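Enquirer: next one to model:
(4 chains)
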Protein chains: 2
Amino acid sequence: MAVLRADAQRNLDRILAAAADAYAEVGPDVTMDEIARRAGVGHGTVFRHFPTKDALHAAVIAVRLDELLARARELLQRPDPRAALEEFVWMAAEAARRDRTLFEGIEECATFEEVAVAKGELHEVVDKLIRRLQRSGTLRRGVDSRDVGALVGAAIKASMHAEREDSWRRYVQIVLDGLRA
Amino acid sequence: MAVLRADAQRNLDRILAAAADAYAEVGPDVTMDEIARRAGVGHGTVFRHFPTKDALHAAVIAVRLDELLARARELLQRPDPRAALEEFVWMAAEAARRDRTLFEGIEECATFEEVAVAKGELHEVVDKLIRRLQRSGTLRRGVDSRDVGALVGAAIKASMHAEREDSWRRYVQIVLDGLRA
DNA sequence: GCGGAAGCGGACCGGAGGGTCCGCTTCTGC
DNA sequence: GCAGAAGCGGACCCTCCGGTCCGCTTCCGC
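Expert: Below is the predicted model of the structure:
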């Protein structure tokens, strides 16, 4: 990544932030115009920084995944494996709730190097958390980080249409309970 | 509904069948052209029978919901409440698996009378199944048919991207286990 | 502060897809 | 089998949106 001119760097940051907001609020179908508008730049400027809409989406998702990855690594140090996994799940759930595009977009964006790498590393770390718990015998066998990710993401998505404000907590709890051995 | 000319009725049936297939296979974003092509009719013909794309989608969903409703009513007669609910859940899961658009489309199409009515009746009947089981004390309190529908739909959706062929069964089972008291 | 490079942004393009329209075809009642 | 109604279908329209391009602006090294 060559060094950018100061104004270009500022715009890049603004675009990433605006895109994150826009994807979170509107969903994966936000238009590039809307993102540009939120960032306060012209539509063409967005395309100079990101060659396609998908590339921008991937960049946003990669940032989110890196955040989750950092947190997951910290949790590996936790002595209690159940608390570690549960904390991770609740954290991921909140991330998915904030940005409904997170789990949905991962599959499509997996063709992008940055997303594939972050995803791979995250799975690796979370699988460690899971295996620790399975060894202690309190987590269902045959379940891996992909399953947990898919189920938690799905539970969050399912709660989006619910009337009750706290449904997402109930749904995640139901999934967690279902995952017990 | 006025009586249709014989050929028009035939086309209508073909369109509904083709649309059901198309939504199931391709997803909610199938184009009207694709549906018309599958039905072997012109694009304009589809629009004469259904004024908008959403109206067609709603019609397809209403048919599915009516099928589920009929089965749910039968299950009310079952003496064992747990078996009744579980059978319903597995049935709904298979329906959702066959037609990935089913649960997704319901919310948006709820503005259509036919869908709203079918949905309301289905919730009513399933709530009866659920309350029977809650009274027996083996189902989590505070859960209703919307929650169960959302969670099962989510589990199915989550399994769509999984590599393993049988993930949907595992996921539904996890949800069922999580729903126990 | 000047000149060249880097960046900007909005006008523009092209394709996709929902929806309309009307000349032609097919059906049906008599 | 004929007349008129009902239905058909594809050409067409229009909007939306991702992506390109280029004349103008802003920045930065000297």
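
Enquirer: next, see if whatever helix or strand A:Gly105 lives in gets close to chain B.
Expert: Element membership for A:Gly105, per DSSP states H and E: helix A:102-109. Yes: applying CB under 8 Å from any CB of the partner chain, one finds helix A:102-109 in contact with chain B at A:Glu107. C-betas here are computed from N, CA, C, even on glycine.

Enquirer: same question, stretch A:65-84
Expert: No: contact of stretch A:65-84 with chain B (CB under 8 Å from any CB) is absent, the minimum separation being 15.9 Å.

Enquirer: the residue nearest the centre of chain A: what's its closest spatial neighbour, skipping adjacent residues?
Expert: Taking CA atoms, centre = their mean, the centroid of chain A lies closest to A:Leu102, which sits 4.2 Å from it. Excluding the flanking residues, the one nearest A:Leu102 by CB to CB, 6 or more residues apart in numbering or on different chains is A:Ala96, at 5.1 Å.

Enquirer: near DNA strand D, which residues of chain A?
Expert: Neighbours of DNA strand D within chain A, by CB under 7 Å from any atom of the strand: A:5-7, A:29-33, A:43-44, A:47-48, A:51-54.

Enquirer: out of these, which is nearest to chain B?
Expert: A:Asp29 (10.3 Å; CB to the nearest CB).

Enquirer: for the closest one, helix, strand, or coil?
Expert: Following DSSP: H, G, I helix; E, B strand; the rest coil, we place A:Asp29 in the coil state.

Enquirer: can you check A:Arg82 too?
Expert: Quick answer, by three-state DSSP: A:Arg82 is helix.

Enquirer: any idea how far the strand or helix carrying A:Leu122 is from the chain center?
Expert: Applying DSSP H and E as the criterion places A:Leu122 in helix A:113-135. Chain-centre distance of helix A:113-135: 13 Å, with CA atoms, centre = their mean, to the nearest Å.

Enquirer: show me what the helix or strand immediately after it in the chain is packed against.
Expert: Counting by DSSP H and E, the next helix or strand C-terminal to helix A:113-135 is helix A:145-159. Applying 3 or more CB pairs under 8 Å, 6 or more residues apart in numbering or on different chains; DSSP states H and E, we find helix A:145-159 packed against helix A:81-98, helix A:102-109, helix A:113-135, helix A:167-179, helix B:145-159, helix B:167-179.

Enquirer: make TSV out of those helices and add distance to B:Arg64 and mean pLDDT.
Expert: Output for those, formatted as TSV (distance: least, CB to CB, whole Å; pLDDT from 0 to 100):
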stretch	distance to B:Arg64	mean pLDDT
helix A:81-98	28	96
helix A:102-109	23	87
helix A:113-135	34	96
helix A:167-179	23	97
helix B:145-159	12	95
helix B:167-179	17	97
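
Enquirer: in chain A, what residue lies closest to chain B?
Expert: For chain A and chain B, the shortest gap (CB to the nearest CB) falls at A:Gly178, measuring 2.9 Å.

Enquirer: does that residue really touch B:Val175, like I thought?
Expert: Yes: under the criterion of CB atoms under 8 Å, A:Gly178 lies in contact with B:Val175, with a separation of 5.7 Å.

Enquirer: mind checking which of the helices and strands packed on helix A:145-159 is nearest B:Leu133?
Expert: Each of those has some distance to B:Leu133 by CB to CB; the shortest is helix B:167-179, at 9.3 Å.

Enquirer: now the closest one: how far from the chain's centre is it?
Expert: Centroid separation between helix B:167-179 and its chain, computed with CA atoms, centre = their mean, is 18 Å.

Enquirer: for that helix, buried residues please.
Expert: B:167-176, B:178-179 (16 or more other CB atoms under 10 Å in any protein chain shown).

Enquirer: do stretch A:48-57 as well
Expert: Those would be A:49-50, A:53, A:56-57, for stretch A:48-57 by 16+ other CB under 10 Å.

Enquirer: which ones among the residues you listed map onto helices?
Expert: Those of those mapping onto helices are A:49, A:53, A:56-57, per DSSP state H.

Enquirer: redo those as JSON lines? Include distance to A:Ala162 and pLDDT.
Expert: Output for those, formatted as JSON lines (distance: CB to CB, whole Å; pLDDT from 0 to 100):
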{"residue": "A:His49", "distance to A:Ala162": "37", "pLDDT": "97"}
{"residue": "A:Lys53", "distance to A:Ala162": "30", "pLDDT": "97"}
{"residue": "A:Leu56", "distance to A:Ala162": "30", "pLDDT": "97"}
{"residue": "A:His57", "distance to A:Ala162": "26", "pLDDT": "96"}
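
Enquirer: which two among those residues are spaced furthest apart?
Expert: Within those, two members stand farthest from each other by CB to CB: A:His49 and A:His57, at 13.0 Å.

Enquirer: good, wrapping up.
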